[in-house]
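Asker: Any chance you can model this:
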Amino acid sequence: MIDTDRWSSELRTRGVDHVARSVLLSVLDDSAQAADLSAPINCSGLGRIRHFSSATSPGWPDNPLPWLPARQHLGVDAVPEPRCEAQVFQNAVCNWRCWYCYVPFSLLRGDASRSRMVTAEDMVDMYLALEERPVVLDLSGGQPDLVPEWVVWTMRALIDRGAQDDVFLWSDDNLSNDYLFRYLGDGDLDLLSSYRGYGRVACFKGFDDSSFAFNTAASPELFKRQFDLFRSLLTVRPDTCAYVTLTAPKIPAEGALVAMRRFADSLQGLDHDLLGRTVPLRIEVFTPVAARMRADHHAALQVQEAMVEAWLTVLEERGVIPLDKQFGAQPSGDSRGV
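Answerer: Next up, the predicted model:
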C-alpha cells in the first residue's frame, strides 16, 4: 500500500519551486502516452490537445464536462457543439497509482529526465501563442492539487494578459490531500472562489473502500477521507463536479444496487445535488495501461458495466436532475456563468 501522506509530501517537494514560482510539468515527447494522442504534441513538448465529447459508450451517461460549463462562461459561439477541444498540461507528480491511469507511471514520479520546471506565465504564453488555440485550458496530471498554487498562478497570468474572459480554465483533483487549504493563503482562496471562468472536478476512485484500494493502491481507510476533502472543496467552489470510477475486482457481496445506493447516500450527504453533478467514467485500456493488466483488472472492466446499471437505477429511483439540466438553459453569447 502507498503511504499517501508521506509520498504526497515528497512529491510536492519535487513538483514546485516557490522561489522561481515554477511547476514541474511532464514532457510528453517520446512517452508511452504519446501513442494514444490524436493530435501532435505542442508547446515545446509540454502540451497536448484533448477532445472532450458528451457522447460516451452505450449504456453509460453522457459526460458534459467541461464543455457545458465552458459554454456557459464563453457563450454558444465559442463552444458551439456538445464537444470541445482543450489545451492540456500535466503536472509530473501523482501520489497514487491507479492501475487504469492513461498516463505512464514514469510521468508521475517527478522524474527530472521526463519533466521540466515551467512558470505559469511561460505556460500561459505558450498556450496563448497557439495559432488554433482551444478555448479551454485544462490543468491536469498527475495530481494538480499537490501543487495547488498552479491553478492560482495560472489565473493571475491570464488576468495579467487580459485573457480571463476568453479562456475557460479547468482542473481536476484526485481527492487525496488537503494541500489546497494547507498551502494557499486567504487571498489565493478568494481568487479561486471568485474567478468566473473556472471549473473544477474531483474524482472518487471507487464506490466503496475495497474498490478504492484496488483502484489506487492506497489504504482503504482513505476512501472516506475523499468525502471530507470534497466537503471542504464545496466551501470554495459550491459548483464543484465529480467523477467516479466503478471498477472493482468483483461485484460487492451485498449486490451492485445496494452498494450504489450507499455511495449515492454519501454523495447526497455532502450536497443533495451532487449526485446529479457526478459522472461515472468508463475505464478503457490505453497504451500505458495494457502492460499493467492482471486477471482482476480484466474482470474489473466487466464489473463496471454491472455497476453503471445500478448507478442509473439509483438516479431513476431518486429523480435526479441530469448535469446538463442543472446548468440551466443554453446561455446567450454574453453569458458569464459558472
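
Asker: Distance-wise, check the nearest residue to R262 once chain neighbours are set aside relative to F263.
Answerer: Spatially, and ignoring its direct neighbours in sequence, R262 is nearest to D208 (7.3 Å; C-beta to C-beta, 6 or more residues apart in numbering). Quick note: C-beta positions are derived from backbone N, CA and C, even for glycine. Separation of D208 from F263 (C-beta to C-beta, to the nearest Å) stands at 7 Å.

Asker: More neighbours: the two, which one.
Answerer: More crowded of D208 and F263, by other C-beta atoms under 10 Å: F263, with 23 against 19.

Asker: CA atoms only: put the helix or strand containing the more buried one into PDB for me.
Answerer: Using DSSP states H and E, F263 maps to helix 256-270. What follows is helix 256-270, C-alpha atoms only, in PDB (Å, rounded to 0.1, in the frame of the first residue of the first chain):
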ATOM      1  CA  ALA A 256     -24.400  -3.700  -7.000                       C
ATOM      2  CA  LEU A 257     -27.600  -1.900  -6.300                       C
ATOM      3  CA  VAL A 258     -27.100  -1.800  -2.500                       C
ATOM      4  CA  ALA A 259     -23.500  -0.600  -3.000                       C
ATOM      5  CA  MET A 260     -24.600   2.200  -5.300                       C
ATOM      6  CA  ARG A 261     -27.400   3.300  -3.000                       C
ATOM      7  CA  ARG A 262     -24.900   3.600  -0.200                       C
ATOM      8  CA  PHE A 263     -22.400   5.500  -2.300                       C
ATOM      9  CA  ALA A 264     -25.200   7.800  -3.500                       C
ATOM     10  CA  ASP A 265     -26.200   8.500   0.100                       C
ATOM     11  CA  SER A 266     -22.700   9.600   0.800                       C
ATOM     12  CA  LEU A 267     -22.700  12.000  -2.100                       C
ATOM     13  CA  GLN A 268     -26.000  13.500  -1.200                       C
ATOM     14  CA  GLY A 269     -24.800  13.800   2.400                       C
ATOM     15  CA  LEU A 270     -22.400  16.400   1.100                       C
END
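
Asker: Going by neighbour count, which residues in that helix are buried?
Answerer: 256-257, 259-261, 263-264, 266-268, 270 (16 or more other C-beta atoms under 10 Å).

Asker: Show me what counts as buried in the helix of greatest length in the chain.
Answerer: Longest helix in the chain by number of residues, with DSSP state H as the criterion: helix 295-318. Neighbour-count burial for helix 295-318, counted by 16+ other C-beta under 10 Å, picks out 297, 300, 303-304, 306-308, 310-312, 314-315.

Asker: Just the residues contacting the next helix or strand after that helix, thanks.
Answerer: Next helix or strand after helix 295-318 toward the C-terminus (DSSP H and E): helix 323-326. The contact list for helix 323-326, computed with C-beta atoms under 8 Å, 6 or more residues apart in numbering, reads 54, 62, 64-65, 68, 241, 273, 276-277, 279.
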